[in-house]
Structures are given as structure tokens and as C-alpha cells.
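**Student:** sequence first, then the predicted structure, then my questions.
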Amino acid sequence: MPSLPHDNAPDAGACTRAASRSPTAMQAALACVALLAGGALFLAQGHAPLRTLQAAFLLLPGVLALLLPLRTRAARRLRPWLVTLWVGAFLLDGALRAFIAGAYQAAPDSGFVIGAVANSNWRESAEYARGAAPALAGWGAVLALALGAAAYLATFGRRAPDDAGRADMSRAAMPRAAMPRAAVLALGALLAVSAAGYAIKPWRKLHPLVFWSAWAGAAADLRDDWRHHDAKRLQAHGLARKLAPVVASGRPSTVVLVLGDSVNRDNMSLYGYQRPTTPALDALKRRLGDDMLVIRNAWSSDASTLPALEQLFALDKDNDNDSGGEDAHLLALARAAGYRTWWISNHDDIGIEQRHARLAEVVQTVNRSPGRSGGGLDEGLLDEVQAALDGPARRKFIVVHLLGAHPYYKLRYPAGADPFAPADAVDAGLAAAGRSGRVARLRKEYDAAVLYHDGVVARLLAMTQAAPRRDAQENRAWMMLSDHGQEVGHGADFAGHSPRTPAGYRIPALVWRNRPWPAAAELAGRPFRADWAGWTLADLLQLDWRGETGKYNVLGPDYAWDAALLPAEVREGVRLAMREPPRR
């Protein structure tokens with residue numbers, strides 16, 4: 001006789017129907033994989049490969065929410081919407097970046113793009129949208145399809161049992177899919193990497209909500225900064241006119257200032273380094289002899305770019321020229337004296353542009369990708385420099401701002417050009433000093449960047465020398481120095497900007513002019529501070545003005561060295577360097 005079912009026993013058919021409508025672990029896993037793959041595909045359109053991977057880890061937690069067991073009907077209904085919105089933010093990020101890169105070969109946080117946005121109003125934005133409608137419509141259609149697919153995947157197999165099914169099914173009888181232990185461990189590892197990404201600021205900044213919020217804030221801040229810097233530039237030009245500068249010789253004049261970035265003179269064979277990192281400048285020095293000064297003990301006043309440049313261009317250190325406590329800016333002073341001025345840069349830096357570059361009459365920036373992982377090769381500036389040299393102006397002051405050896409070092413020279421790959425005496429010295437293999441590898445990349453930089457710098461000097469002349473007595477001068485140095489295993493097992501070791505301040509300083517130097521060897525042996533370079537450049541520009549003093553000009557007879565501004569540990573390094581014999 002068959003037993004009668006208990007009143008509270010689950011109906012087998014109800015269990016089967018509910019199980020068929022409940023998500024399986026495989027369905028959820030497939031949906032997660034598809035969402036991650038689609039998100040990564042979109043991200044790859046606007047990010048470099050490494051950043052695509054980092055952004056994909058930031059995407060991961062929202063996608064894995066599909067695997068969470070939810071007990072309430074409201075939570076199950078809300079989850080697909082939240083997952084779709086989460087994934088949609090990353091899809092939109094990739095689409096926007098890809099559109100900007102395709103239209104302008106620029107990153108969205110480049111000064112070029114942020115400046116254009118900051119300089120636009122709603123009417124101009126609408127006009128732009130009408131003009132770019134075909135491209136925007138294409139990306140909009142692709143994005144709409146991707147969002148639809150994401151919404152479908154987020155709801156794939158996620159239909160909860162209906163009320164009748166749940167009434168007929170006890171919680172104990174609900175189907176449960178056990179996840180394999182290996183899969184649990186793998187998911188745990190992935191989530192740990194994702195958590196680390198959220199904890200690390202450079203990764204976290206890639207999240208669309210963080211990035212685009214900061215982007216909008218940067219555009220708003222730039223509008224405010226423009227109002228501030230416009231006033232500061234007017235003030236700088238007014239002060240320069242007040243100082244009444246003149247060009248002493250009355251002759252045509254062309255002066256070129258080449259600013260490197262993160263170049264340590266200790267890594268230049270021109271300064272005695274073991275690796276042949278400056279063959280072009282070595283050859284120029286042999287050909288030009290004493291006409292090309294190689295200042296052996298040159299030091300930056302700061303280990304980072306913005307403050308170093310701020311001090312480099314400032315004049316009137318003693319505030320003795322009735323400037324009201326303000327330092328005159330060299331670019332403004334040169335313009336007031338009648339020079340046509342250029343700022344030609346491979347940096348995308350709004351601060352540098354607003355504080356210095358915009359004081360020049362002509363501003364040309366070839367780099368539209370900010371940050372350490374951005375920027376093209378420095379040779380991209382050469383055509384712009386040549387055009388400036390060929391121009392009709394009678395007096396020219398051309399500032400050329402290179403990326404030099406700025407981290408990441410491997411991006412500062414052509415891909416695959418690693419000339420120092422075999423082990424050599426430098427590697428042996430690093431190993432003897434206890435430096436890590438990582439620092440030894442970075443030293444090779446850094447030296448390769450210095451070698452590439454050497455070729456660009458030498459070409460800029462050759463171009464300056466060969467530029468058309470307008471007068472047999474024309475003044476022609478060229479100066480190269482770096483904003484600061486770089487620590488790459490010199491005094492510590494470390495690679496990068498270093499405000500606490502002398503390597504962070506050791507820089508090259510090279511000067512050429514088309515007239516002989518008196519006592520060239522004595523001039524080259526003087527210690528030099530980059531924050532006094534403005535006075536030396538004023539001498540090369542042949543400027544005279546009210547309040548001028550010669551004690552900061554390394555080329556002048558009244559030069560008076562003082563290392564007091566440098567940190568104490570760096571001043572000791574200066575004293576040691578000054579006692580060292582020349583290493584030529």
C-alpha cells in the first residue's frame with residue numbers, strides 16, 4: 001500500500017519546474033565571462049594593454065555580483081539593473097576614449113582635450129556635436145547594442161521562481177549548485193587583485209566614475225585657473241615692460257633653450273660615464289672644442305619639474321628692482337626687449353603651459369597624452385623647431401621642452417632599441433653596490449633613453465648652428481640643461497625622482513655660442529645652479545635691464561656660487577663633486 005504524502009512535503013514536479021527556472025552556476029559563470037570579455041573589448045579601444053587589464057580588474061566586482069546567492073525577490077529584480085549600469089559605465093568609458101583618440105589622437109585627460117572643453121560653452125558644444133554627428137552616431141549605435149547585450153546577460157537565467165513555486169518548495173529542497181573548490185580559489189585571487197586595484201590610487205583613477213568626475217572637475221578648475229593665470233601673465237608682462245629691457249648689441253639674435261627632463265649627467269659619457277650614452281654630443285664636443293662649454297658641476301634646485309621650472313625662469317632674486325616682491329619672468333623680459341618667443345613642447349602639462357608656455361607668443365605642443373605612460377618621441381618636435389628657426393623674426397628666443405628620460409624610461413626611445421642589453425661593467429658595479437636586478441634593468445632602460453635623448457639634443461644644436469643668418473654679426477646661442485636628475489641605483493637601490501639623494505639634482509648644462517669664450521676651462525669648471533639659469537640665458541640673449549646683477553650669471557665675471565638652497569645631504573654631494581677632478 002503506497003504511503004500517503006505528508007502535507008508539508010515538496011511536490012517533485014514543483015521542484016523540477018523551479019529548478020528549471022533557477023539559474024545554474026554554469027549560466028551565471030558564462031554571463032560573467034561574457035560581460036567581462038565585452039567590457040575588456042571596449043576598454044581596449046581607449047586604453048593601452050596594461051591599463052586595459054587594470055580597468056578590467058576594477059570592472060570585476062560588479063560582474064561577479066551575478067554569482068551571489070540572493071534570498072529576496074526585490075534583490076533579485078534589482079541586481080540585473082545594477083550590473084547593467086556598472087558594466088555600462090565601463091563600456092561608455094571605452095567608447096568615449098576611443099572616439100577622442102580616433103578624432104584627435106589624444107587622451108581625454110590631455111591638456112588639449114581638457115583645454116578645449118574648458119574653453120567651450122553649450123552653444124559651441126552643440127555645434128561641435130552637429131559637426132561630429134556621423135562619428136558620434138556610429139559610436140552611439142555600437143554602444144547601444146553593447147548595452148542591450150549587457151542587459152540581456154545580466155538577466156540571463158536570473159528569473160526567480162514564482163510565488164506558487166516557492167510555496168510548494170521548502171528551502172531545504174531548493175536546488176543548490178556547489179562551486180568547485182578550484183573555482184572558488186580562482187575567484188578569491190581575482191577579487192584580491194581587484195581589491196588591491198581599488199586601494200592603489202593610479203589604478204583607482206581608471207574607474208570611469210572616478211576618472212570622469214575628476215575630468216569634469218579638472219575642466220572647471222582650468223576655467224578658474226585661466227582667470228587667475230591670465231591676470232598673472234598680464235602682471236608678468238607689465239613688470240617686464242617696467243624693467244625696460246633692451247638688447248645690448250642691437251644685432252639680430254637667435255637663442256635656443258633645450259630643456260631635458262630627468263636627465264642625470266652621471267649617465268652621460270660626455271661627463272665620463274662608462275656606457276657610450278652620448279656619442280653625438282661627444283663628437284660635437286671634439287669638433288667644437290672650447291666653443292661648447294660642458295659645465296661639470298651643474299645642479300638642479302629641485303627634484304621635480306614644476307618647482308624647478310618655476311625657479312629656472314625667475315629673475316630678481318633679491319627683489320631689488322622695484323618689482324613689489326615679484327620675480328621677473330625671463331620669457332616676458334625677452335618679449336619686452338623685442339624677441340619673438342616660442343615654447344615648443346613634448347609635455348602635456350596644464351601647469352607648465354599656464355605658468356610658463358603661455359607667456360610666449362607661439363605655443364606648440366605635440367604631445368596630447370599626459371602622464372608617465374604618455375607622450376611620443378622627442379624627435380617629433382624637430383620640424384616645429386626648424387620652422388621657428390627658418391621664420392622671418394629678427395630676434396628669436398625658442399624654448400624646446402623635451403620629455404628626455406622621464407619615467408617610464410622604456411617609452412622614451414624607439415621600441416626594441418635596447419643597446420645595453422648585454423652585461424657590462426656598469427652591471428658589475430651595480431651588483432657590487434648591492435643593487436637589485438630590477439634597478440639594474442631600469443638602469444639599462446634609462447641609459448637607452450639618455451642615448452636617444454643625445455641624438456635629439458645634438459640635432460637641435462646642429463639646427464641652431466645651421467639656421468639662416470640675417471647679419472654677419474648675428475648673435476647665435478644655444479643652451480641645454482635638465483630640469484632635475486634621476487636616481488637609478490646611484491646612491492640607493494631605487495629608480496625614480498629622488499629629493500633625498502644627490503642623483504635627484506645632478507643635471508647636465510651645456511652652452512654654445514658663435515663667439516669665443518674667455519677662459520673657457522674656468523667657466524666650465526664653475527659650479528652651476530639651474531635656478532640661476534635665467535641670468536645666464538639673459539646674458540646669452542644680450543639683455544640689459546634695470547636692476548640687473550651679474551652674481552647669478554655663471555658666464556659673468558662677478559659670479560658668486562652659493563649652494564645654500566639645496567638640501568643638506570645634496571650640498572655635501574656638491575662639495576664632494578667639486579673636489580673630484582674632471583673625468584674627461
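**Tutor:** That came in fine, so what should we check first?
**Student:** how about the nearest residue to N475, chain neighbours excluded?
**Tutor:** The spatially closest residue to N475, leaving aside those adjacent along the chain, is S253, at 4.0 Å (Cβ to Cβ, 6 or more residues apart in numbering). All C-beta spots, glycine's among them, are computed from the backbone N, C-alpha and C.
**Student:** what average pLDDT does the longest helix seen in the chain get?
**Tutor:** Secondary structure of the chain read by DSSP state H shows that its longest helix is helix 208-242. Taken as a whole, helix 208-242 has an average pLDDT of 84.
**Student:** stretch 474-494 now?
**Tutor:** Across stretch 474-494, pLDDT averages out at 94.
**Student:** give me the buried stretch members for that stretch, please.
**Tutor:** 474-491, 494 (16 or more other Cβ atoms under 10 Å).
**Student:** paired strands for the very next helix or strand once past the longest helix of the chain, with orientation please.
**Tutor:** Using DSSP states H and E, the helix or strand that follows helix 208-242 in sequence is strand 246-247. Here strand 246-247 is paired, per DSSP bridges, with strand 543-544 (antiparallel).
**Student:** what does the strand it pairs with rub up against?
**Tutor:** Under the criterion Cβ atoms under 8 Å, 6 or more residues apart in numbering, residues 245-248, 333-334, 337 lie in contact with strand 543-544.
**Student:** from these, which one has the minimum pLDDT?
**Tutor:** A248 (91).
**Student:** ok, that residue - contacts?
**Tutor:** Taking Cβ under 8 Å, 6+ apart, we find A248 in contact with 542-544.
**Student:** can you put the residues you listed in CSV and add neighbour count?
**Tutor:** CSV is the format used below for these (neighbours: other Cβ atoms under 10 Å):
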residue, neighbour count
Q542, 18
L543, 26
D544, 14
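**Student:** can you list the low-confidence ranges for the stretch 351-500 of the chain?
**Tutor:** Filtered on pLDDT under 70, the stretch 351-500 of the chain yields the residue ranges 368-375.
**Student:** just the helices from the stretch 401-550 of the chain, written as ranges.
**Tutor:** Along the stretch 401-550 of the chain, counting by DSSP state H, counting those that start in this stretch, helices occupy 425-432, 437-466, 520-524, 533-540.
**Student:** for T278, find the nearest of those helices.
**Tutor:** Closest approach to T278 among the helices of the stretch 401-550 of the chain (Cβ to Cβ): helix 437-466, 4.2 Å.
**Student:** where's the residue nearest to D454 when sequence neighbours are not counted relative to Y452, distance?
**Tutor:** Distances taken as Cβ to Cβ, 6+ apart place T278 nearest to D454, at 4.2 Å, with adjacent residues excluded. The gap separating T278 from Y452 is 11 Å, by Cβ to Cβ, to the nearest Å.
**Student:** of those two, which one has the most company?
**Tutor:** Shown here are T278 and Y452; by other Cβ atoms under 10 Å, T278 has more neighbours (25 against 21).
**Student:** re the thing from before, got the buried residues for the longest helix of the chain?
**Tutor:** Neighbour counts over helix 208-242 (16+ other Cβ under 10 Å) mark 208, 211-212, 215, 218-219, 222, 225-226, 229, 232-233, 236-237, 239-240, 242 as buried.
**Student:** and if you look at stretch 452-471?
**Tutor:** So stretch 452-471, judged by 16+ other Cβ under 10 Å, has buried residues 452-461, 463-464, 467.
**Student:** can you check stretch 64-79 too?
**Tutor:** Of all the residues in stretch 64-79, those buried under the rule 16+ other Cβ under 10 Å are 64-66, 76, 79.
**Student:** restricted to helices, list those residues.
**Tutor:** 64, 76, 79.
**Student:** turn those into CSV, columns for distance to D327 and pLDDT.
**Tutor:** Shown next, in CSV, are those (distance: Cβ to Cβ, whole Å; pLDDT from 0 to 100):
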residue, distance to D327, pLDDT
L64, 56, 86
R76, 66, 84
R79, 60, 88
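**Student:** just give me the closest of these to Y198.
**Tutor:** When those are ranked by distance to Y198 (Cβ to Cβ), L64 comes first, at 13.8 Å.
**Student:** for the closest residue to that closest one other than its chain neighbours, give me its contacts.
**Tutor:** Spatial nearest neighbour of L64, excluding adjacent residues (Cβ to Cβ, 6+ apart): C32 at 6.1 Å. By Cβ under 8 Å, 6+ apart, the residues touching C32 are 63-64, 66-67.
**Student:** before we move on, which element is C32 in?
**Tutor:** helix 25-46.
**Student:** report the distance from that helix to the chain centre.
**Tutor:** Distance of helix 25-46 from the chain centroid (Cα atoms, centre = their mean, to the nearest Å) equals 30 Å.
**Student:** what do you get for stretch 214-228?
**Tutor:** Per Cα atoms, centre = their mean, the centroid offset for stretch 214-228 relative to its chain is 19 Å.
**Student:** against P392, how distant is P252?
**Tutor:** Counting by Cβ to Cβ - P252 and P392 are separated by 11 Å.
**Student:** more crowded one of those two?
**Tutor:** Legend: neighbour count by other Cβ under 10 Å for P252 and P392, higher for P252 (18 against 8).
**Student:** looks like the more buried one contacts N475 (just checking).
**Tutor:** Yes - here P252 reaches N475: they are 7.1 Å apart, a contact under Cβ atoms under 8 Å.
**Student:** and stretch 302-319, what's its mean pLDDT?
**Tutor:** Per-residue pLDDT over stretch 302-319 has a mean of 82.
**Student:** what are the contacting residues of that stretch?
**Tutor:** With contacts defined as Cβ under 8 Å, 6+ apart, stretch 302-319 is touched by 259, 261, 300-301, 323, 325-331, 333, 349, 351-352, 355-356, 483-485, 497-499, 504-505, 530-535, 538, 547, 549, 552.
**Student:** and those, which of them are buried?
**Tutor:** Judged by 16+ other Cβ under 10 Å, buried ones among the contacts of stretch 302-319: 259, 261, 300-301, 323, 327-331, 333, 349, 351-352, 355-356, 483-485, 497-498, 504-505, 530-535, 538, 547, 549, 552.
**Student:** what residue spans form the domains of this structure?
**Tutor:** Following automatic domain parsing, one gets these domains for the chain: 12-218, 246-579.
**Student:** picking that back up, can you list the ones in helices among the buried residues of stretch 64-79 in a markdown table and add distance to R97?
**Tutor:** Shown next, in a markdown table, are those (distance: Cβ to Cβ, whole Å):
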| residue | distance to R97 |
| --- | --- |
| L64 | 24 |
| R76 | 33 |
| R79 | 28 |
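**Student:** with respect to I295, which of those is nearest?
**Tutor:** Nearest to I295 out of those is L64 (Cβ to Cβ; 58.8 Å).
**Student:** how about the CA coordinates for stretch 273-292, as CSV?
**Tutor:** The C-alpha trace of stretch 273-292 is given here as CSV (Å, rounded to 0.1, in the frame of the first residue of the first chain):
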residue,chain,number,x,y,z
TYR,A,273,80.1,57.6,-17.8
GLN,A,274,81.3,54.1,-18.8
ARG,A,275,78.5,53.4,-21.2
PRO,A,276,78.6,55.3,-24.6
THR,A,277,75.3,57.1,-24.0
THR,A,278,76.1,60.5,-25.7
PRO,A,279,78.1,59.7,-28.9
ALA,A,280,76.6,62.6,-30.8
LEU,A,281,77.4,65.2,-28.1
ASP,A,282,80.8,63.6,-27.6
ALA,A,283,81.5,64.1,-31.3
LEU,A,284,80.3,67.7,-31.2
LYS,A,285,82.5,68.4,-28.2
ARG,A,286,85.5,67.1,-30.1
ARG,A,287,84.7,69.2,-33.1
LEU,A,288,83.7,72.4,-31.3
GLY,A,289,86.3,72.3,-28.5
ASP,A,290,86.1,75.2,-26.1
ASP,A,291,83.2,76.8,-28.1
MET,A,292,81.0,74.2,-26.4
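**Student:** for it, which positions count as buried?
**Tutor:** For stretch 273-292, a neighbour-count test (16+ other Cβ under 10 Å) marks 273, 275, 277-278, 280-282, 284-285, 291-292 as buried.
**Student:** ok, residues contacting that stretch?
**Tutor:** 266-270, 294, 420, 424-426, 447, 450-451, 454-455, 457-459, 461-462, 510-513, 516-517, 520-521.
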